[in-house]
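Colleague: coordinates for the following, if possible.
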Amino acid sequence: MSFPIPVVRAILEDSEGRILLLRRRGRVADGLWCLPGGKVNYNQTVERAVLEEVKEETRLGIDNLTFLFYQDGLPEGERGMHCIHLYFSGNPTGTLSLNGESSEAHWVSPDEFRNYPIAFGNDEAVIQYLSEKRNHR
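Modeller: Predicted coordinates:
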């Protein structure tokens, strides 16, 4: 692919400060963990994209959606995708229920987080998020 693809990701925390990770099912990064989200569709705002992707994957809504930062996802190898990841936070609402894109969901504490094999550079984003959160207290 000769152009970058916009991708949205949600860093969602529960009332105990644990972050939601999904275990991927499918041909791309099968078995690895990631934050909920996905590609932005043509003629779709990034805010709408993150709300719809999270709803589709988890049945959760998001209150107080806030843009955090972006991250370049440069291609690995000749056939890799170049993604621009746009990270958002917010308060999850509703009851978690997975669609077929994920095989498991875990609410993970910052201490447990590094024990999960994470795809798409989402681990770097969570580390940045937690660092910025600590610095703003």
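Colleague: for this structure, which segments are assigned as helices?
Modeller: With DSSP state H as the criterion, the chain has helices at 46-58, 122-135.
Colleague: how about TSV for the ones you listed, with mean pLDDT, distance to Glu76 and mean neighbour count added?
Modeller: Any C-beta I mention is one placed from the backbone N, CA and C, and that applies to glycine too. TSV is the format used below for the helices of the chain (pLDDT from 0 to 100; distance: least, C-beta to C-beta, whole Å; neighbours: other C-beta atoms under 10 Å):
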stretch	mean pLDDT	distance to Glu76	mean neighbour count
helix 46-58	97	23	19
helix 122-135	90	14	15
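Colleague: nearest to Lys39, of those helices?
Modeller: Closest approach to Lys39 among the helices of the chain is made by helix 46-58 (7.7 Å; C-beta to C-beta).
Colleague: now the residue positioned nearest the centre of the chain. Nearest residue, chain neighbours left out?
Modeller: Among the residues of the chain, the one closest to the centroid is Leu35, at 2.7 Å (C-alpha atoms, centre = their mean). Taking C-beta to C-beta, 6 or more residues apart in numbering, and ignoring the residues beside it in sequence, Leu35 has Arg9 as its nearest neighbour in space, at 4.3 Å.
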